[in-house]
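**Student:** generate a structure from the sequence data that follows.
(4 chains)
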There are 2 protein chains.
Amino acid sequence: MATIKDVAEAAGVSTATVSAVVNDSAYVSPELRSRVLAAVRELRYAPSLVARNLRSGRSQLIALVVADLANPFYARIVTAAEAAVAAWGYSLVLFNSDEKPDIEKRIFSRIRTLGCDGSVIVPVGAESHYQRRDFEGGAPVVLLGRSIGDAGVDTVTIDNLSAGKQATNYLLDLGHRDIGSITGPSQLTTGSGRLQGMLDAMAARGLAPKTGHVRSGEFREDTAYSVARDLLGQPDRPTALYVANGVMAIGVMRAVADLGLRCPEDVSIASTDTVAGAGGLKPRLTRTEHPVKDMTNEALRMLVDRIEGKVAEPSRNVVFQPALVVGESCSPLKSSHIPA
Amino acid sequence: MATIKDVAEAAGVSTATVSAVVNDSAYVSPELRSRVLAAVRELRYAPSLVARNLRSGRSQLIALVVADLANPFYARIVTAAEAAVAAWGYSLVLFNSDEKPDIEKRIFSRIRTLGCDGSVIVPVGAESHYQRRDFEGGAPVVLLGRSIGDAGVDTVTIDNLSAGKQATNYLLDLGHRDIGSITGPSQLTTGSGRLQGMLDAMAARGLAPKTGHVRSGEFREDTAYSVARDLLGQPDRPTALYVANGVMAIGVMRAVADLGLRCPEDVSIASTDTVAGAGGLKPRLTRTEHPVKDMTNEALRMLVDRIEGKVAEPSRNVVFQPALVVGESCSPLKSSHIPA
DNA sequence: CTCTCTTAGCTAATCGATTAGCTGACTTTT
DNA sequence: AAAAGTCAGCTAATCGATTAGCTAAGAGAG
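**Tutor:** All right, here's what the predicted structure looks like:
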């Protein structure tokens, strides 16, 4: 690789002049300018980002740390982030913390040594992990997707409460009163928040799920399957179910089919899904979806603002609203279901 | 960020000593060593990769360029690559060429200026794009997934011929003789290769598909749906179909259902799929799968070998074999199908 | 006691680019 | 004609780490 010195020598000028021509940062006479450009072409010179970075303290790199690359939700974040990062003129360095806080810690130090200009992180650790000191002296950070306690950093999250509310209200509007739920783990905000939203929606109409009609499916397909099978096999099964995520919805649909029930005729299913589609299920699911692309774009916009020093505020928290997407998995409550 | 100078000052030693301690590259007395380590911890010093880079000419970065991030196949490559790259002590810089040769070209120059130590590329351009001169003077490259003409670089590909053969042989072994195929675009090796394998397998038993029983589904679900619907709606429909990829298989299954046919009772379906599962279709598909993880690991092993100068050969081409995964979408030919 | 050998740790050059600040030629002003 | 001003282009410092080569102190030999 040719260096700026080679070019300077070939053109019979100083490196400063070459730099001025290449960056168009100072006036250079047409005579010298053309000699420099000729030498650049001749030697196929491309300025080394590494050297430029050392001087400027910038790396043009933005790190993205996701919790589980194999999960389609994060895969979509990666897709959106790559496009956004490229559009802002940076390159994307990708890390997978695999839901392990200790791996995440090692990644953080790696990001520091790489000199990344900033990072978008889907946090996996407990709140304590993200106290400001962890980022102190380092590059700006935006936390994406999962809400953790206020760590004094920018965050972009989803309104899980609203997701549960929207899906449940849809079922309520169809006339359902006996609604059950397959929930996620209560220690995750994605689990507890959505359930709380569902309960809030019902409470707003003076209702509450029957005892035993709210079960944890652990965000897992197999668990959701067995829990749903048990719940729907009972004589007083709910007429509708709110399922707190997409993989569980697949398990629930399987349970419905295996019990000889039909969806939506016998039971209405509404869910919250992080990504579109839930694997092309047969009756397309009525669900709330996360605006993954918008969220990711916003996270990167916030990050780039910080990197380029355009923001003064200490920390901003943007909350996105999920969107209700109506499929064919819900039907109005049939009169036969209405108790006498 | 603390620099090596700050640490040297704090510990009362020279920068050379700090470097020696940090890199364990020379003997340092326990006394000084501990003072240095204390200062490192105190100042949260992490050596700047940028500076180290400039000196060593290495960047510890490996670029991965995929053709379409939104495609689950490439998403799996990304997942496997991130893990492999991390295991080798590098970091992954991710690019999406979006199937566009001109974007790919820009990415190549970006990779050069970033000073990446090497790249794994899923090529999208025509052969001419990858002639050796494009990489000349640059870092080592391994082409992954798609085979292009011999460009003098290392490649890791899949045996598409074998994929078509294996799936078709399975159908033949079940007694099927009238087998049709929904193929991909013939200009792609993944399209033409798999079809050729299917034809070869039949020819090996003195058979050939009937006229009109081989149709192009363009690797698209909707096209595959309408083509399959047309093909299977005819009175002399084939008893079995070989579908050349996973998304098309979803379309075909939908067509089967919409025609009131049952799989595998009325028609057997075997496919080739790049990733596992094909979205959890109802009768699980019998298919050939790509060993994505193994392929990606091998590509990175080859790349790291080159980067670290362990290989002499001009170029190596590794071809992986697809694996047949038996599901429930194929059944033996029923006697009613056998012509009198 | 002097000379040589060893070696811990330091000084300073280096990687490639940017840029503050200087030089000297030329122009303008009085 | 001398002083002042302008500015194209150069010199050299700088970013942070590594490392060749040097220094000086201690050990061992004679």
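**Student:** how big is the angle separating the host helix or strand of A:F95 from strand B:91-96?
**Tutor:** In the assignment (DSSP states H and E), A:F95 maps to strand A:91-96. Interaxial angle of strand A:91-96 relative to strand B:91-96 (axes from the mean of the first three to the mean of the last three C-alpha atoms, to 10 degrees): 120 degrees.
**Student:** for A:A63, grab the count of nearby residues.
**Tutor:** By other C-beta atoms under 10 Å in any protein chain shown, 26 other residues sit near A:A63. Where C-beta positions appear, they are placed from N, C-alpha and C, glycine not excepted.
**Student:** what's across from it in the sheet?
**Tutor:** Under DSSP bridges, the beta-bridge partners of A:A63 are A:V93, A:S119.
**Student:** just to revisit the earlier point, now the strand holding A:F95: buried residues?
**Tutor:** Across strand A:91-96, burial judged by 16 or more other C-beta atoms under 10 Å in any protein chain shown covers A:91-96.
**Student:** which stretches in the stretch 101-250 of chain A count as strands?
**Tutor:** Ranges of strands in the stretch 101-250 of chain A, per DSSP state E, counting those that start in this stretch, are A:118-121, A:141-145, A:154-158, A:179-183, A:214-216, A:240-243.
**Student:** ranking the ones you listed by burial, who's on top?
**Tutor:** Among the strands of the stretch 101-250 of chain A, the stretch with the highest mean neighbour count (mean count of other C-beta atoms under 10 Å in any protein chain shown) is strand A:240-243, at a mean of 30.
**Student:** so who does A:L43 touch?
**Tutor:** A:2, A:6-7, A:10 (C-beta atoms under 8 Å, 6 or more residues apart in numbering or on different chains).
**Student:** separation between the closest residue to it other than its chain neighbours and DNA strand C?
**Tutor:** Take A:L43 and drop its neighbours on the chain: the residue closest to it by C-beta to C-beta, 6 or more residues apart in numbering or on different chains is A:A2, 3.8 Å away. With distances taken as C-beta to the nearest atom of the strand, to the nearest Å, A:A2 is found 7 Å from DNA strand C.
**Student:** surely A:A2 and A:P47 touch.
**Tutor:** No. A:A2 is not in contact with A:P47 according to C-beta atoms under 8 Å; the separation is 10.0 Å.
**Student:** can you list the domains in chain A?
**Tutor:** Structural domains assigned to chain A are A:4-47, A:60-159+A:292-321, A:160-290+A:325-337, following automatic domain parsing.
**Student:** any idea which of the ones you listed gets closest to B:R229?
**Tutor:** Closest to B:R229 of those is domain A:160-290+A:325-337 (C-beta to C-beta; 16.8 Å).
**Student:** so where do the helices sit in the stretch 1-150 of chain A?
**Tutor:** Assigned by DSSP state H, counting those that start in this stretch, the helices in the stretch 1-150 of chain A fall at A:4-11, A:15-23, A:30-43, A:49-56, A:72-87, A:101-114.
**Student:** report whether the first one contacts DNA strand D.
**Tutor:** This means helix A:4-11. No. Shown here: helix A:4-11 not in contact with DNA strand D (C-beta under 7 Å from any atom of the strand), separated by at least 7.7 Å.
**Student:** now that helix: average pLDDT?
**Tutor:** What helix A:4-11 shows for mean pLDDT is 94.
**Student:** how about stretch A:263-273?
**Tutor:** Rounded mean pLDDT across stretch A:263-273 is 91.
**Student:** do stretch A:194-208 as well
**Tutor:** Averaged across stretch A:194-208, pLDDT comes to 96.
**Student:** need the contact partners of that stretch.
**Tutor:** A:160-169, A:172, A:177, A:179, A:181, A:183-184, A:186, A:209, A:214, A:242, A:244, A:272.
**Student:** list the buried residues for that stretch?
**Tutor:** In stretch A:194-208, the ones that count as buried by 16+ other C-beta under 10 Å are A:194-199, A:201-202, A:207.
**Student:** from those residues, which land in helices?
**Tutor:** A:194-199, A:201-202 (DSSP state H).
**Student:** nearest to A:P101, of those?
**Tutor:** Nearest to A:P101 among these, counting by C-beta to C-beta, is A:R194 at 23.5 Å.
**Student:** now that closest one: closest residue in space that isn't a chain neighbour?
**Tutor:** Going by C-beta to C-beta, 6+ apart, A:R194 has A:G164 as its nearest residue, at 3.9 Å.
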